[in-house]
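Trainee: A structural model of the following input is requested.
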Amino acid sequence: MDPNELEARLGYEFGNPKLLAQALTHRSHSTLHNERLEFLGDSVLNCAVAHILFERYTKLNEGDLSRLRSNLVKQQTLYEIAQRVELSSSLRLGEGELKSGGFRRPSILADTLEALFGAIFLDGGFQAARLTIAKLYHPILETVDPLTLGKDSKTLLQEYLQGRKIALPTYNVVATRGAAHSQEFEVECLIPKLDIRVTGAGASRRAAEQAAAKTALELAPKETPRRSRRPRKEAAQRSDTGVTEAAGREAGKEVRRDSGREEGAAARETRPARSGAATEAGAESATMDAPQVDKLST
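Mentor: Okay, here's the model as predicted:
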């Protein structure tokens, strides 16, 4: 590919074409190769992606941002970007690498893309490198789910179940096939509450569990079933009953209050009457006793 075409795909035009040529040169081609630029570009890429994520996802915590970054700067992601800009047609490889298909090798393409980021940094500064990286990563960031990227199927299934307060799944090895050096495991994943029972296969027990968890997650309902509501008529009857009972309790309280007030009034009326009667009786007794005292004194 013509260097100008690659620059157009990258969205950056080099002021120093020698930096571009060096970034595209594999160590199998000549002594002036791209490994040092790759070292620099790796750090530039990490810093640029961290800055992009920091500005784009303002509510994600440090752990989630780190998980996102590590998945965006890994070899597979860089390889996909390199394929999109058709980087393989611009590589400068030695004859041995050309014959062995080095221009298709993910590691070589990913390393060369990092070298290009390092070259852009040297040629135009960090802002130029950041803008180029942001442009190349834009299609990926538009489709990525920041809450699930980088999480394996078992982790996603566990989070799904915990969020709905459902017991975690049980994994059981149900079969092992093949020779000792090339075994294949079959693992069963059980989630009784959701009536899910699936199996997965893999070269290791862990891989088989991941496969089973992925299938279980695909079968799991997106929303937890809701409790059935009571019929409106029944709900209305219960509501009326509750109102009647509450009214009855209030009426009973009012009757007891009225009864207490009447008893208090009756008690107040009775006490003065009894006091007056006692006074009259005492006076009469004193009158009757007085002559007897006089007679004794005579």
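
Trainee: Could you use CA atoms for every contact and neighbour count after this?
Mentor: Noted.

Trainee: List the residues that contact the spatially closest residue to Gln127 that is not a sequence neighbour.
Mentor: Once flanking residues are discounted, Gln127 sits nearest to Phe121: 8.0 Å by CA to CA, 6 or more residues apart in numbering. By CA atoms under 8 Å, 6 or more residues apart in numbering, the contact list for Phe121 reads 41, 44, 127-129.

Trainee: List buried residues within these.
Mentor: Among the contacts of Phe121, the ones that count as buried by 16 or more other CA atoms under 10 Å are 41, 44, 128-129.

Trainee: which two in the residues you listed are spaced the farthest apart?
Mentor: Largest separation among these by CA to CA: Gly41 and Ala128, giving 12.7 Å.

Trainee: Work out the gap between stretch 186-198 and the centre of the chain.
Mentor: Distance of stretch 186-198 from the chain centroid (CA atoms, centre = their mean, to the nearest Å) equals 23 Å.

Trainee: Could you do stretch 144-160 as well?
Mentor: Per CA atoms, centre = their mean, the displacement of stretch 144-160 from the mean C-alpha position of its chain is 9 Å.

Trainee: what does stretch 196-206 give?
Mentor: With CA atoms, centre = their mean, you get 25 Å for stretch 196-206.

Trainee: same question, stretch 53-69
Mentor: That offset, for stretch 53-69, works out to 13 Å (CA atoms, centre = their mean).

Trainee: quick one: buried residues of that stretch?
Mentor: Across stretch 53-69, burial judged by 16+ other CA under 10 Å covers 53, 64-65, 67-69.

Trainee: ok, for Leu32, nearest residue in space, not its chain neighbours?
Mentor: Once flanking residues are discounted, Leu32 sits nearest to Gln22: 6.8 Å by CA to CA, 6+ apart.

Trainee: quick revisit: switch the buried residues of stretch 53-69 over to JSON lines; also include secondary structure.
Mentor: Output for these, formatted as JSON lines (DSSP: H, G, I helix; E, B strand; the rest coil):
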{"residue": "Leu53", "secondary structure": "helix"}
{"residue": "Asp64", "secondary structure": "helix"}
{"residue": "Leu65", "secondary structure": "helix"}
{"residue": "Arg67", "secondary structure": "helix"}
{"residue": "Leu68", "secondary structure": "helix"}
{"residue": "Arg69", "secondary structure": "helix"}
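
Trainee: how close does the residue nearest to Gln127 sit to Leu136?
Mentor: Distance, Phe121 to Leu136, by CA to CA, to the nearest Å: 15 Å.

Trainee: If you rank every helix and strand of this protein by mean pLDDT, what lands last?
Mentor: In the chain, no helix or strand scores lower on mean pLDDT, DSSP states H and E than helix 232-297, which sits at a mean of 52.

Trainee: How about Pro193, nearest residue that isn't a chain neighbour?
Mentor: Slight slip there: residue 193 is Lys, not Pro. Using CA to CA, 6+ apart, the closest residue to Lys193 is Ile166 (7.2 Å).

Trainee: And that neighbour, how far from Pro221?
Mentor: Ile166 sits 12 Å away from Pro221, going by CA to CA.

Trainee: One more: Thr112?
Mentor: Using CA to CA, one gets 44 Å for the distance from Thr112 to Pro221.

Trainee: These two: which is more packed in?
Mentor: Neighbour count, other CA atoms under 10 Å: between Thr112 and Pro221, Thr112 has more, with 28 against 10.

Trainee: roughly how far apart are the more buried one and Lys151?
Mentor: Computed as CA to CA, the Thr112 to Lys151 distance reads 27 Å.

Trainee: now the strands for this protein?
Mentor: 170-177, 184-191, 196-202 (DSSP state E).

Trainee: So which elements touch the last one?
Mentor: Right, strand 196-202. Identification of packing neighbours for strand 196-202 by 3 or more CA pairs under 8 Å, 6 or more residues apart in numbering; DSSP states H and E yields strand 184-191, helix 205-219.

Trainee: That one pairs with which strands, parallel or anti?
Mentor: Each strand paired with strand 196-202, and its direction, by DSSP bridges: strand 184-191 (antiparallel).

Trainee: And the pLDDT at the residue nearest the centre of the chain?
Mentor: Closest to where the C-alpha atoms of the chain average out (CA atoms, centre = their mean) is Leu147, at 6.2 Å. Predicted confidence (pLDDT) for Leu147: 76.
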